[in-house]
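[1] model this:
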Amino acid sequence: MEPKNVLLEMRDYLTELGAETLNWCMQCGLCTNLCPWRLVSGETSEQFNIRHMQRLGQMGIEGFEDEKILFACSTCGMCQTNCPRGVKIVDNVRTMRTSIVGAGMPPAYLRPVLGSAFANGNPWSGPREKRMDWTSGLDVPAFDAGKEYFLFVCCHSCYDPRGTRIARSVAKLLKHAGVSFGVIGTEESCCGESMRKIGDEELFAKLAQNNIELFNSRGVRKIVTTSPHCLWTFKNEYPELGGEWEVVHYTELLQQLYADGKLSLTAGMGKKVAFHDPCYLGRHSGIYDAPRQLAAAIPGVEMTELERCRDSSLCCAGGGGRIWAEVPVGERFGELRIKDAVRAGAEVLTTSCPYCVNMMTDACNSLGNQDVLQIIELSELLVKAVPCDD
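    Prediction:
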């Protein structure tokens, strides 16, 4: 077969896998100019070019001899939301990764992640029977068809010691506000959002189908999530597989409860607080006001905006499987975010995504700013302002 035909077949293969808009790209270069990799230095920054990646796909050339370049995209969506042609760049990147992962060649650092998600139902190498350990001592109710909301806690907040504090805070706030909710238990599996962004379509389908069958069999109608990543995939990817529910992020629900007078915030903190917009809550899902309104409602809080905020927010670099990547100091987007917060005079940098908390905490520590800036997830701020028992 002639090389030209092979390239055309590869391009058609990528299109069939999900890169339907690949040929819409006119190579204007705006995506590359907006990419957060342009803001840091280092080998990956020098090699990663999202425009060039789209062009290689158009030509039917994989062209990624260095696997870390293809998997460097954090799927932040900055390029996609600003593309003048409406190219679904994140889908195109995911599809290119699928061609690699489907051939059994994922990057070495992601193999244990994918293996654990397949074997244990979570990417954090945590035993399935310990998925509910975060509830210890909290008396979190079990979900049944009589409950209004099913609380889905992301795998990160089930197994990561830092993340479990987020899950506990959200549960306390829901109980304080009198919300009818419950959790299902150890049968729950990872939502699969990161697995799909990494490029493992088969694993995503397996996890999603397990959850859909489980949730539907238990009578789930409404879901509240702790993670923007779970929110996005439940709302945008599960319906085509048979999972159709009303899904909200916890900040949306709590903001409505506060507006209705069901969530009281009485204890003050007297701090200058900045909010970091997570990519999957902000650009991907369009939720900007609810978390800010909640933070501003805490007595004594003085809100300040970061220079790059809302739809121009700077990515923490945790999406698209990047939370498991080892990135040298000086190449971390989170370090720029910490500098943004310090420059704004913030004493507390809060956010509403467990990935962002981890990435920015690491960045804050690497810069030595932990004495002047606290990284606190929004639910943790809120729980300090309500009369909840520890």
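[2] what residues does the helix or strand containing Ser169 touch?
    Following DSSP states H and E, one finds Ser169 within helix 161-176. For helix 161-176, contacts defined as Cβ atoms under 8 Å, 6 or more residues apart in numbering pick out 133-135, 138, 140, 149, 151, 153-154, 156-158, 181, 224, 226, 250, 253-254, 263, 354, 357-358, 361, 377, 379-380, 382-383, 386-388. Where C-beta positions appear, they are placed from N, C-alpha and C, glycine not excepted.
[3] do stretch 26-45 as well
    48-52, 54-55, 68-69, 72, 74, 76, 78-80, 82-85, 87, 89, 314-315, 317, 327-328, 330-333, 335-336.
[4] Averaged pLDDT, it. What do you get?
    Across stretch 26-45, pLDDT averages out at 93.
[5] Need the distance between the two termini of it.
    Using Cα to Cα, to the nearest Å, one end of stretch 26-45 lies 23 Å from the other.
[6] for stretch 363-375, same thing?
    10 Å.
[7] could you show me where the strands are in the chain, in order?
    149-152, 181-182, 222-225, 246-249, 272-275, 302-304, 348-351, 374-377 (DSSP state E).
[8] Tell me which of the ones you listed sits most buried.
    Highest mean neighbour count of the strands of the chain: strand 348-351, a mean of 25 (counted as mean count of other Cβ atoms under 10 Å).
[9] Mind giving me the packing neighbours of it?
    For strand 348-351, the packing partners by 3 or more Cβ pairs under 8 Å, 6 or more residues apart in numbering; DSSP states H and E come out as strand 272-275, helix 333-343, helix 354-367, strand 374-377, helix 378-384.
[10] number of nearby residues for the closest residue to Glu244 other than its chain neighbours?
    The shortest distance from Glu244 to any non-neighbouring residue, by Cβ to Cβ, 6 or more residues apart in numbering, is to Tyr238 (7.4 Å). Other residues near Tyr238 come to 21 when the count uses other Cβ atoms under 10 Å.
[11] what does Leu367 give?
    17.
[12] just to revisit the earlier point, roughly how far out does the helix holding Ser169 sit from the chain middle?
    17 Å (Cα atoms, centre = their mean, to the nearest Å).
[13] Give me the buried stretch members for it, please.
    163-176 (16 or more other Cβ atoms under 10 Å).
[14] and what of stretch 266-281?
    So stretch 266-281, judged by 16+ other Cβ under 10 Å, has buried residues 269, 271, 273-281.
[15] avg pLDDT for it?
    Stretch 266-281 comes out at a mean pLDDT of 94.
[16] do stretch 327-346 as well
    95.
[17] residues making contact with it?
    36, 39-42, 44-45, 74, 272-274, 276, 304-308, 314-317, 349, 359-360, 362-364, 366-367, 369, 372-373.
[18] Give me the buried entries from those.
    By 16+ other Cβ under 10 Å, the contacts of stretch 327-346 give 36, 40, 44-45, 74, 273-274, 276, 306, 308, 314-317, 349, 359-360, 362-364, 366-367, 369, 373 as buried.
[19] pLDDT below threshold where in the stretch 51-200 of the chain?
    Within the stretch 51-200 of the chain, the stretches with pLDDT under 70 are 61-67.
[20] repeat that with 50
    The model of the stretch 51-200 of the chain has no residue with pLDDT under 50.
[21] As a markdown table, the buried residues of helix 161-176 with distance to Asn216 would be great.
    Formatted as a markdown table, the buried residues of helix 161-176 follow (distance: Cβ to Cβ, whole Å):
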| residue | distance to Asn216 |
| --- | --- |
| Gly163 | 27 |
| Thr164 | 28 |
| Arg165 | 31 |
| Ile166 | 27 |
| Ala167 | 23 |
| Arg168 | 28 |
| Ser169 | 29 |
| Val170 | 24 |
| Ala171 | 23 |
| Lys172 | 28 |
| Leu173 | 27 |
| Leu174 | 22 |
| Lys175 | 26 |
| His176 | 30 |
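[22] tally of neighbours for Arg55?
    Neighbour count of Arg55, defined by other Cβ under 10 Å: 15.
[23] So the residue nearest to it when sequence neighbours are not counted versus Asn33, what's the distance?
    Closest residue to Arg55 in three dimensions, ignoring its sequence neighbours and counting by Cβ to Cβ, 6+ apart: Gln27, at 6.1 Å. In this view, Gln27 and Asn33 are 13 Å apart by Cβ to Cβ, to the nearest Å.
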